[in-house]
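> Provided below are the primary sequence and the corresponding predicted coordinates.
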Amino acid sequence: MSDGSTIEWLSFPGYQPASWNPVRGCSRVSNGCTRCYAERMAARFSKPGMWGHGVAQKRRGKARWTGLVQLYEAKLLLPLKRKKPRCIFVNSTSDLFHEKLPDAAINKVFAVMQACPQHLFIVLTKRSARMREYVNGEGAANAAFNNFAWPLPNVILGVSVEDRAALYRLDDLRATPAACRMISLEPLLEDLGDIDLTGIGWAVTGGESGRNARPTHPDCFRSVRDQCKEAGVPFFFKQHGEWLATADDNGEISYGGHERHGWDIDGPHEAWAYRVGKKRAGRLLDGREHNEFPGMG
């Protein structure tokens, strides 16, 4: 388990940020997986004895999952060894509800979360149907849970939504009992239109970072922000990503020598984006940070 994670939305008030990866391996399932950082990391650390061995590899110079997904038993009990409260991102390099992971393995992960009420756990998935079926089916009533009340009060369940094709995951999330339901709109690759925020307790959004990152028009972020405000949903803006958009291309802001991307959009928010890197692009949306968290407990 890694303490001191730099993921911004793990800075939950009263908790130390951390990540925990009790599952190894994954596979691509949608457009949001195209530039997967976890796939690149696993391939980088895929030599024998490293955590990515067997689950990812380099193919013609590109990182690719092998298809192996398994419980990482050596990491399973690590949260039990941390007494001070952590906000823990569960499986930042995998997906707890991957179709190749048996219910028995998922049971073990939830049993550890149940045994650590001092921690706050955040589970994100792109396999929303599997999560809905698991939580509402025999898995949630399994004897491994020691008959505790569901949902667990210290677990935030969420789905990743990168484009309109993935909006169906919100319906699965709404049908999943949870102490708090989270939507992670990162990387946000297009405008989502009107979003049904019924039953949603927290929204996080951001652009894409890393090699070959795709730019996001700032209006996409603004739309989510404004809809969250109207619906009373806490809103967290994580980052612009690799690209920083300007109001226009009139020369007021110059990033000479940087790769540029433009949008042919009518209206007041026409923009150009320059590839300046995640750090320089920053976290300001219309001049301010948005760091709202849901109330828990």
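Everything's here; your move.

> how about the helices of the stretch 1-150 of the chain, start to end?
37-44, 103-114, 128-136 (DSSP state H, counting those that start in this stretch).

> got a list of contacts for the shortest one?
Outside helix 37-44, the residues that touch it by CB atoms under 8 Å, 6 or more residues apart in numbering are 24-26, 28, 33, 51-52, 55-58, 63-65, 92-94, 209-211. All C-beta spots, glycine's among them, are computed from the backbone N, C-alpha and C.

> residue 189 - how many residues pack around it?
Per other CB atoms under 10 Å, the neighbour tally for residue 189 reads 22.

> cool, residue 160 as well?
23.

> same check on the one 4 residues further on?
Residue 164 is surrounded by 13 other residues when neighbours are defined as other CB under 10 Å.

> so what's it up against?
So residue 164 contacts 190, 192-193 (CB under 8 Å, 6+ apart).

> show me where pLDDT drops low in the protein?
Of all residues in the chain, those with pLDDT under 70 make up the ranges 138-148, 247-258, 262-271, 297.

> residues touching residue 261, list them.
215, 243, 272-275.

> return the member of those nearest to residue 12.
Distances from residue 12 to the contacts of residue 261, taken as CB to CB, are shortest for residue 243 (27.4 Å).

> thought that closest one was touching residue 275?
Yes: checked against CB atoms under 8 Å, the pair residue 243 and residue 275 is within contact range at 5.5 Å.

> so between the two, which is more surrounded?
Ranked by neighbour count (other CB under 10 Å), residue 243 and residue 275 place residue 243 first, with 26 against 17.

> thinking again about what came up before, can you say which of the contacts of helix 37-44 are buried?
Among the contacts of helix 37-44, those scoring as buried are 24-26, 33, 51-52, 55-56, 63-65, 92-94, 209 (criterion: 16 or more other CB atoms under 10 Å).

> in strands, which of the residues you listed fall?
Using DSSP state E, the subset of the buried ones among the contacts of helix 37-44 located in strands is 24, 56, 63-65.

> tally of neighbours for residue 73?
Neighbour count of residue 73, defined by other CB under 10 Å: 10.

> ok, residue 86 to residue 92 distance?
From residue 86 over to residue 92 the distance is 13 Å, taken as CB to CB, to the nearest Å.

> list the residues that contact both of the two?
Joint contacts of residue 86 and residue 92 (CB under 8 Å, 6+ apart) do not exist.

> isn't residue 160 up against residue 187?
No: Residue 160 is beyond contact range of residue 187, at 9.2 Å (criterion: CB under 8 Å).

> for the stretch 101-250 of the chain, what spans make up the strands?
For the stretch 101-250 of the chain, the strands defined by DSSP state E, counting those that start in this stretch cover 120-125, 155-160, 180-185, 202-206, 235-239, 243-246.

> I'd like these as CSV, with distance to residue 113 appended.
Below are those laid out as CSV (distance: least, CB to CB, whole Å):
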stretch, distance to residue 113
strand 120-125, 5
strand 155-160, 6
strand 180-185, 14
strand 202-206, 18
strand 235-239, 22
strand 243-246, 36
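
> which one of those strands lies nearest to residue 74?
Proximity to residue 74 (CB to CB) singles out strand 120-125 among these, at 18.9 Å.

> strand partners (parallel or antiparallel) of that closest one?
Partners of strand 120-125 in the sheet, by DSSP bridges, are strand 86-90 (parallel), strand 155-160 (parallel).
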